[in-house]
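A.B. asks: What shape does this take:
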Amino acid sequence: MEINFWTDTHAHIHDDEYGRSVDEFISLASDKNVKRIITIGIDYDDSIKALKTAELYDNIYAAVGMHPEYADKYIRDRDFDKFFELASNKKVIAVGETGLDFYYEENPDEKYQNILFQDMADIAGRLDKALVIHSRNAAQETIKILDEAIKKHSKLKGIFHCFDGKECVLDWIKDKNFYISYAGNVTFKNADNLRYALSNTPLDRLLIETDSPYLAPVPVRGKKNMPANVSYTGEYVAEFLNIPYNILMEQLENNLQKLMKGVW
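C.D. replies: Residues are numbered from 1 along each chain as shown. Got it, this is the predicted structure:
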């Protein structure tokens, strides 16, 4: 089958903070050859919304999990089984977003973030689903936890979402079942570090996303982002890497198929 469409591998469309409808997102995305969207939960209630949205549309899938900024709200004895059950749904294709974020001082203590991340990785490993990783100012610590998780679940797989360009992560993923996803900020004028990382990312480990409603790419930078705009990022990446659009589309789809193991 010839691939002639993009997938937005990371968006937040199920509870849009600007009041836009899912139907609007799908229609506008289709106009730009964006035919599949993964909508991402950031806590338990939000994950339920993501799943309910995915169940209503054939071309929308969900990831369920808890963002590290809420790690101090996570109680293992109460919440692990709830997330496990939610993640077991067939329309849930990944666990997350989750991970570590040490950027803001007011973020939860590292010990709480570690517990949450370890448990989300455990759920992903048990269910053989991808782990959607948020890692900011925490690359080495993220790798350490993932290495421990892989000892328990040797086939653990995942996506470093909205990749920040850390070379240690690029080196680490090359012999693992993990992928790097670039968002619209790779198109920004001051993003030389991301473009350098992109040029060193193996094509068979590459994905793209919007992180809607954030990080709208050039030429719509500054506007409220939406899945349709992943086409701009895809076109930019193709031109930067000197690859025809259709070839990049096919490569990205092959990467997703390998990661998601025949979900589609």
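A.B. asks: Over to residue 37: give its phi and psi.
C.D. replies: Phi and psi for residue 37, reported as degrees, to the nearest 10, are phi -140, psi 130.
A.B. asks: tell me the contacts of it?
C.D. replies: By C-beta atoms under 8 Å, 6 or more residues apart in numbering, residue 37 lies in contact with 7-8, 11, 13, 25-26, 29, 59-61, 227. C-beta coordinates here come from the backbone N, C-alpha and C atoms, glycine included.
A.B. asks: now residue 235
C.D. replies: residue 245.
A.B. asks: tell me which element it is part of?
C.D. replies: helix 230-240 (DSSP states H and E).
A.B. asks: related to what we said a few turns ago, tell me which of the contacts of residue 37 fall in strands.
C.D. replies: 7-8, 11, 60-61 (DSSP state E).
A.B. asks: who wins for most neighbours among the residues you listed?
C.D. replies: residue 8 (32 neighbours; other C-beta atoms under 10 Å).
A.B. asks: Quick check: that residue touching residue 29?
C.D. replies: Yes. Using C-beta atoms under 8 Å, residue 8 is in contact with residue 29, at 7.1 Å.
A.B. asks: Name the residues contacting each of those two.
C.D. replies: 37, 227, 230.
A.B. asks: Dump those to a markdown table, plus distance to residue 242.
C.D. replies: Output for the shared contacts of residue 8 and residue 29, formatted as a markdown table (distance: C-beta to C-beta, whole Å):
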| residue | distance to residue 242 |
| --- | --- |
| 37 | 28 |
| 227 | 26 |
| 230 | 20 |
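A.B. asks: Go ahead and name everything in contact with the longest helix belonging to the chain.
C.D. replies: Counting by DSSP state H, the longest helix found in the chain is helix 110-127. Residues outside helix 110-127 that contact it (C-beta under 8 Å, 6+ apart): 65-66, 68, 71-72, 74, 76, 80, 83-84, 87-88, 94-96, 98-102, 107, 129-131, 141-142, 145-146, 148-149, 152-153, 155-158.
A.B. asks: in the chain, which ranges drop under the pLDDT threshold?
C.D. replies: 1-2, 262 (pLDDT under 70).
A.B. asks: Now do the strands in it.
C.D. replies: 6-11, 34-40, 60-64, 92-101, 130-136, 157-160, 177-182, 206-208.
A.B. asks: for the shortest one, packing partners?
C.D. replies: Applying 3 or more C-beta pairs under 8 Å, 6 or more residues apart in numbering; DSSP states H and E, one finds that strand 206-208 contacts strand 6-11, strand 177-182, helix 230-240, helix 245-260.
A.B. asks: In the last one, which residues are buried?
C.D. replies: In other words, helix 245-260. 245, 248-253, 255-256, 259-260 (16 or more other C-beta atoms under 10 Å).
A.B. asks: ditto for stretch 191-199
C.D. replies: 191, 194-195, 197-198.
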